[in-house]
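> let me see the structure of the following:
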Amino acid sequence: MRVLADAWGRAGVRRGTASTVPTVISTGFAELDRCLEGGGWPVGVLTELRVGRAGIGEMRLLLPVLAALGREGRLIWVAPPYRPCAPALAAHAIALDHLVIVRPRTHKEALWAVSQGLASPAIGAVVSWFADIREQEFRALQRQAAAGGRWSFCFLPRNLAPQPSRLRLVLEPAPRGVRVTLARKAGRPVAPLIVTL
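Model prediction:
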């Protein structure tokens, strides 16, 4: 992608060894980057974000990366729980003309929309919200994220059974930010850290 090629000179984007796209992109939060393998959000990974209740600052955690990726392609948001506030997003440098909000009527439509976003080379990132998802559905989306080489984030309720994620973040409210507990596929959870928002 032409715009990704332009990203090499920017801080926070690291180049893969034999790839034409970066393998990670900075979260925009130094303390979180230090805890993530490779130093940022990994490409081709469906990052699982677990939240007990919406509105604790979980979207602010993604705004820096979405602002960067929105300059490089469209942002697809599938089934966000609230209507996005355009002035707030614009204040965080989100390219509103690159933001596509999908309001699916059914779970099947939501899965289809995420799948289409993950397959499209015009997409910078896919963000989705599911009240429930079966393991085989999650695995299918993981495979599509890997095959498409997309950044993708999936918000799920905290009380759902864990999915077979390569990267899972459990988010809780904290003074002036969020408490983040990281869990990786082949490792123990990392001690919680507070990300100041």
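> would you map the helices across this structure?
Ranges of helices in the chain, per DSSP state H, are 2-6, 30-35, 58-70, 86-91, 107-119, 135-148.
> in CSV: these, plus distance to Leu197.
C-beta: built from backbone N, CA, C; applies to glycine. Listed next are the helices of the chain as CSV, based on distance: least, Cβ to Cβ, whole Å:
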stretch, distance to Leu197
helix 2-6, 27
helix 30-35, 11
helix 58-70, 5
helix 86-91, 13
helix 107-119, 26
helix 135-148, 26
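> of these, flag the one that's most buried.
Counting by mean count of other Cβ atoms under 10 Å, helix 58-70 has the highest mean neighbour count of the helices of the chain, with a mean of 21.
> least confident of the helices of the chain, on average?
Out of those, helix 2-6 stands lowest, with a mean of 36 (criterion: mean pLDDT).
> related to what we said a few turns ago, what's the closest of the helices of the chain to Asp97?
helix 58-70 (9.1 Å; Cβ to Cβ).
> the helices of the chain: which one's closest to Leu182?
For Leu182, the closest of those is helix 30-35, at 5.7 Å, according to Cβ to Cβ.
> got a list of contacts for the closest one?
Under the contact criterion Cβ atoms under 8 Å, 6 or more residues apart in numbering, helix 30-35 has outside partners 12, 26-27, 39-40, 61, 180, 182, 190, 193-196.
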